[in-house]
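> Curious how this folds, go ahead:
(6 chains)
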Number of protein chains: 4
Amino acid sequence: MHNVKRPRGARGREGILSSARSLVIESGYEALTVEGIAAAAGVGKQTLYRWWPSKGALVADAFLDDPAIPPSFASTAPTGDGVAWVRAQADYFSSAVGTSVTRALTSATAEDESVAIRVHERFTAPILAGIIDWLAITVPDAAAGATERQRAAADMLLGALVFRMLTRSEPLSGDGAEEVLHLVLAGLRTAAAR
Amino acid sequence: MHNVKRPRGARGREGILSSARSLVIESGYEALTVEGIAAAAGVGKQTLYRWWPSKGALVADAFLDDPAIPPSFASTAPTGDGVAWVRAQADYFSSAVGTSVTRALTSATAEDESVAIRVHERFTAPILAGIIDWLAITVPDAAAGATERQRAAADMLLGALVFRMLTRSEPLSGDGAEEVLHLVLAGLRTAAAR
Amino acid sequence: MHNVKRPRGARGREGILSSARSLVIESGYEALTVEGIAAAAGVGKQTLYRWWPSKGALVADAFLDDPAIPPSFASTAPTGDGVAWVRAQADYFSSAVGTSVTRALTSATAEDESVAIRVHERFTAPILAGIIDWLAITVPDAAAGATERQRAAADMLLGALVFRMLTRSEPLSGDGAEEVLHLVLAGLRTAAAR
Amino acid sequence: MHNVKRPRGARGREGILSSARSLVIESGYEALTVEGIAAAAGVGKQTLYRWWPSKGALVADAFLDDPAIPPSFASTAPTGDGVAWVRAQADYFSSAVGTSVTRALTSATAEDESVAIRVHERFTAPILAGIIDWLAITVPDAAAGATERQRAAADMLLGALVFRMLTRSEPLSGDGAEEVLHLVLAGLRTAAAR
DNA sequence: TGGTAATCGAGACGGTACGTCTGGTCTTCGA
DNA sequence: TCGAAGACCAGACGTACCGTCTCGATTACCA
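Sure, this is the predicted structure:
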């Protein structure tokens, strides 16, 4: 994306991104340095600057490119009644990894507009799309404007979870997350029946 | 807050905070430096370190201490049907000032746990409390657990707005924000009637 | 010299040396980089490292191999009374080219012992030999040790010119150089007559 | 000289210059780095850049400011018949320290015109002046132009020594240096008697 | 009212990291 | 098959800030 060619060094691109991921999870995005990534990856600094314009862009790639990482990532769409999904999200946002990764992506996003766009396109938007699709099936609504309503509902659902994590030491519990889910579904049903 | 005594310098404490505010709004939190604040306020660096342990703590004070700033701040509670309030919030989060300030507080929060606690206590919690109170009046619900439900609803309402702003170039429109409000109220009403 | 094979590239070996010469004369030895030479010669860096072990060695070759360069080089031996020759040397060491070239060879020499040896053998020693031969003819001296004396005299003659150039903004004038010549010849004559 | 104020840190200015001197003598000017000096002196890089505009200027100060260093420096004027002095110079230029220091000053001089001026004013010119004064006493000459002749003689004397050191692996021996001295004096005497 | 302490601005200090540049080696790919 | 092109690791460059530490000069309080 930043360049069609890819590093071909001994460790290569994946080694670099993997080092960056480890460092973010260990010590957080604020403590992350380009020199630290280079050292951890056994790579010259210039190699990083050759492929990524900034620390934020590198970190975005680190968490966006490899679907296997992070382990229990919030990247699947809800299924069935959604309860299992929303509790898994609550667990993820309560975990050290989930906290580190989400904060890292938020910070990277805040620093650089182009990173923000990329993170949205490749990360946030797909998750929201999955939620919206599931909501459309779960609470059918043929009304004009239903799509906008579902979009707002998805923002509320994911937004409440993220907002809690960013602003509170104790993120939403599984029960709290389920409460959010129920309110969203109840609201949508009422609107659909209106 | 960090010290009962106050600077006696030409500009004083308020001059420092005011300089910090201007710099954040002009150039963003990432570009903010302690040296920059000191220079802008015509103050020695040591004076800043005397009263604030970190850049984040200073910025938190800058936006928390003076109720007059930022101008159209999201700090009042909703009234009536809430529509005017929620549209004002959408406007605020769409503005350059609202974006800068919210991002700055989010970043400061991410860097330092004690700043996070302070921002929550002095800023986020009061806003949420105002919303919760208004929700309790607007959608009366005597059921056990209603408080938890209202807390979740407040997180959804404010969370959706903040989440949108943080992750999207185009924050929620007034209409979108109103949609969120309606869904929250509809959900709460259904739950209350259950 | 460092390799019997020769580049076949567009410009070839002479193109490389010529680029190096131009760059030295334009910007000086300190500002010279291997990358710059490669770029100027339209050649890969590896091609340079294939034939020269260091920047210094390349520069030495650049000024030693081609007798046509630099234009009015100090490489001829004195003739007749030596006045014309010594004034030509003064002019050369006063010129931009003479200054650049001499400084470049001095720096290259200081960095690398093997370059020093090569520059001496191929450049300094022949010049000194020419001077010594001319002195032996001009001030005949059959005494034992006359050769040592002539060697010292040659060092004095050329050394005074080089020393002046290296240490002073204004190198020896033609008159100053002639003064040096007269002193050397007077000293030798006195010694020969002793 | 570069600034009227002086470093006041734990180790101070002299510690920095002393570290620079050691490094030059150990490994030569080419291998010297600003970071190396800073590390050896236990000082931040910025402190060096605050007081000296370049590595060359720092090195010039290192060898010019403290008259006690280098130990057997060529900075005294000749006395008596000059033989002891000229042999001491030959020894100095044959020593590892003399070689390192002279090459370092020559390189620093070649890189930066302002360093060249300073080295000349504070180092080369005083030595030459001492030689000229001694020559004027040793070989009295009331003729017009005698001063120019003595200046040329001083350049020949010191120049031969420096030229030999810079261009040859084996600098002038004591005997060779004495030969130079005799030739200079003989030449001057002849000229004075003319 | 004059003397003494606290506090100020200013900015030097030892450091860390920045983003860039170059050195010297190694790999790719077109002619 | 060989060389241009340029990526690679390494590490120094000169700069920006960090948070700490002197400096005088300027209060402000007490004698």
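> gap between A:Gln89 and A:Pro78?
9 Å (C-beta to C-beta, to the nearest Å). (C-beta placed from N, C-alpha, C; glycine too.)
> Neighbour count: the two, which is higher?
A:Gln89 (29 against 21; other C-beta atoms under 10 Å in any protein chain shown).
> now the helix or strand hosting the more buried one: mean pLDDT?
For A:Gln89, the element it lies in under DSSP states H and E is helix A:83-94. Averaging pLDDT along helix A:83-94 yields 95.
> So which other helices or strands are in contact with it?
helix A:96-111, helix A:146-167, helix A:174-193 (3 or more C-beta pairs under 8 Å, 6 or more residues apart in numbering or on different chains; DSSP states H and E).
> Throw the ones you listed into CSV and include distance to chain B, thanks.
Converted to CSV, the helices and strands packed on helix A:83-94 look like this (distance: least, C-beta to the nearest C-beta, whole Å):
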stretch, distance to chain B
helix A:96-111, 5
helix A:146-167, 3
helix A:174-193, 3
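> which of those helices is buried the deepest?
helix A:146-167 (a mean of 24; mean count of other C-beta atoms under 10 Å in any protein chain shown).
> the inter-axis angle of that one versus helix B:96-111?
With axes from the mean of the first three to the mean of the last three C-alpha atoms, to 10 degrees applied, the angle from helix A:146-167 to helix B:96-111 works out at 50 degrees.
> Please save the CA atoms from helix A:146-167 in CSV.
Output in CSV follows, covering the C-alpha atoms of helix A:146-167 (Å, rounded to 0.1, in the frame of the first residue of the first chain):
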residue,chain,number,x,y,z
ALA,A,146,-33.5,1.9,8.0
THR,A,147,-29.9,1.8,6.7
GLU,A,148,-29.1,5.1,8.4
ARG,A,149,-30.7,3.8,11.6
GLN,A,150,-28.7,0.6,11.5
ARG,A,151,-25.5,2.6,10.9
ALA,A,152,-26.3,4.6,14.0
ALA,A,153,-27.0,1.5,15.9
ALA,A,154,-23.7,0.0,14.9
ASP,A,155,-21.9,3.1,16.1
MET,A,156,-23.7,2.9,19.4
LEU,A,157,-22.9,-0.7,19.9
LEU,A,158,-19.2,-0.5,19.1
GLY,A,159,-18.9,3.1,20.2
ALA,A,160,-20.1,2.3,23.7
LEU,A,161,-17.6,-0.4,24.1
VAL,A,162,-14.7,1.6,22.8
PHE,A,163,-15.7,4.7,24.6
ARG,A,164,-15.8,2.8,27.9
MET,A,165,-12.4,1.4,27.3
LEU,A,166,-10.8,4.7,26.4
THR,A,167,-12.3,6.7,29.2
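> That one to helix A:83-94, inter-axis angle?
Using the same axes, to 10 degrees: helix A:146-167 against helix A:83-94 is 40 degrees.
> for helix A:146-167, the distance to its chain's centre please.
Chain-centre distance of helix A:146-167: 13 Å, with C-alpha atoms, centre = their mean, to the nearest Å.
> Now do it against helix B:174-193, angle only.
80 degrees.
> picking up where we left off before, okay, buried residues for the helix holding A:Gln89 please.
Neighbour counts over helix A:83-94 (16 or more other C-beta atoms under 10 Å in any protein chain shown) mark A:85-94 as buried.
> Ok, stretch A:41-58 next?
Neighbour count says stretch A:41-58 has A:41, A:43, A:47-48, A:51-52, A:54-58 buried, by 16+ other C-beta under 10 Å.
> Now do the helix holding A:Gln89: everything it contacts.
Helix A:83-94 has contacts (C-beta atoms under 8 Å, 6 or more residues apart in numbering or on different chains) with A:72-74, A:76-79, A:98-99, A:102, A:157-158, A:161-162, A:164-165, A:171-174, A:176-178, A:180-181.
> pull the CA atoms of it into PDB?
Extracted in PDB, the C-alpha atoms of helix A:83-94 (Å, rounded to 0.1, in the frame of the first residue of the first chain):
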ATOM      1  CA  VAL A  83     -24.800 -12.200  23.000                       C
ATOM      2  CA  ALA A  84     -21.700 -14.400  22.600                       C
ATOM      3  CA  TRP A  85     -20.200 -11.900  20.200                       C
ATOM      4  CA  VAL A  86     -20.800  -8.900  22.400                       C
ATOM      5  CA  ARG A  87     -19.300 -10.700  25.500                       C
ATOM      6  CA  ALA A  88     -16.300 -11.600  23.500                       C
ATOM      7  CA  GLN A  89     -15.800  -8.000  22.600                       C
ATOM      8  CA  ALA A  90     -16.100  -7.000  26.200                       C
ATOM      9  CA  ASP A  91     -13.500  -9.500  27.100                       C
ATOM     10  CA  TYR A  92     -11.200  -8.300  24.300                       C
ATOM     11  CA  PHE A  93     -11.500  -4.700  25.300                       C
ATOM     12  CA  SER A  94     -10.800  -5.700  28.900                       C
END
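> Checking A:Glu170 next. Helix, strand or coil?
coil (DSSP: H, G, I helix; E, B strand; the rest coil).
> what's the neighbour count on it?
A:Glu170: 9 neighbours (other C-beta under 10 Å).
> what does A:Gly28 give?
When neighbours are counted by other C-beta under 10 Å, A:Gly28 comes out with 16.
> For A:Val185, which non-adjacent residue is closest in space?
For residue A:185 the amino acid is Leu, not Val. Nearest residue to A:Leu185, sequence neighbours excluded (C-beta to C-beta, 6 or more residues apart in numbering or on different chains): A:Val139, at 6.2 Å.
> Next, the contact list for A:Ala108, please.
Counted by C-beta under 8 Å, 6+ apart, A:Ala108 has contacts A:29, A:55-57, A:59-60, A:115, A:119.
> Can stretch A:119-134 be said to contact chain B?
Yes. Against chain B, stretch A:119-134 shows contacts by C-beta under 8 Å from any C-beta of the partner chain at A:119-120, A:124.
> Can you list the buried residues in that stretch?
Neighbour-count burial for stretch A:119-134 [16+ other C-beta under 10 Å]: A:119-120, A:123-124, A:127-128, A:130-132, A:134.
> By proximity to chain C, which residue of chain A wins?
A:Gln46 (13.2 Å; C-beta to the nearest C-beta).
> Domain parsing of chain A, as residue ranges.
A:12-64, A:83-193 (automatic domain parsing).
> Output the contacting helices and strands for whatever helix or strand A:Ile37 lives in.
In this structure, A:Ile37 sits in helix A:34-41 according to DSSP H and E. Identification of packing neighbours for helix A:34-41 by 3+ C-beta pairs under 8 Å, 6+ apart yields helix A:12-27, helix A:45-51, helix A:55-64.
> make it 7 Å
helix A:12-27, helix A:45-51 (3 or more C-beta pairs under 7 Å, 6 or more residues apart in numbering or on different chains; DSSP states H and E).
> Enumerate the residue intervals of chain A where per-residue confidence is below the cut-off.
A:1-11, A:65-75, A:194 (pLDDT under 70).
> and the residue nearest to A:Tyr29 when sequence neighbours are not counted, what is it in contact with?
Closest residue to A:Tyr29 in three dimensions, ignoring its sequence neighbours and counting by C-beta to C-beta, 6+ apart: A:Ala104, at 3.9 Å. Counting by C-beta atoms under 7 Å, 6 or more residues apart in numbering or on different chains, A:Ala104 touches A:24, A:29, A:59.
> neighbour-wise, which of these leads?
A:Val59 (28 neighbours).
> Spit out the contact partners of that one.
A:20, A:24, A:29, A:104, A:108.
> Max pairwise distance over those: which two?
Distance extremes for the contacts of A:Val59: the farthest pair is A:Ala20 and A:Ala108 at 10.8 Å, using C-beta to C-beta.
> Distance to C:Arg13 for the helices and strands packed on helix A:83-94 - can I get that in a markdown table?
A markdown table is the format used below for the helices and strands packed on helix A:83-94 (distance: least, C-beta to C-beta, whole Å):
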| stretch | distance to C:Arg13 |
| --- | --- |
| helix A:96-111 | 50 |
| helix A:146-167 | 64 |
| helix A:174-193 | 73 |
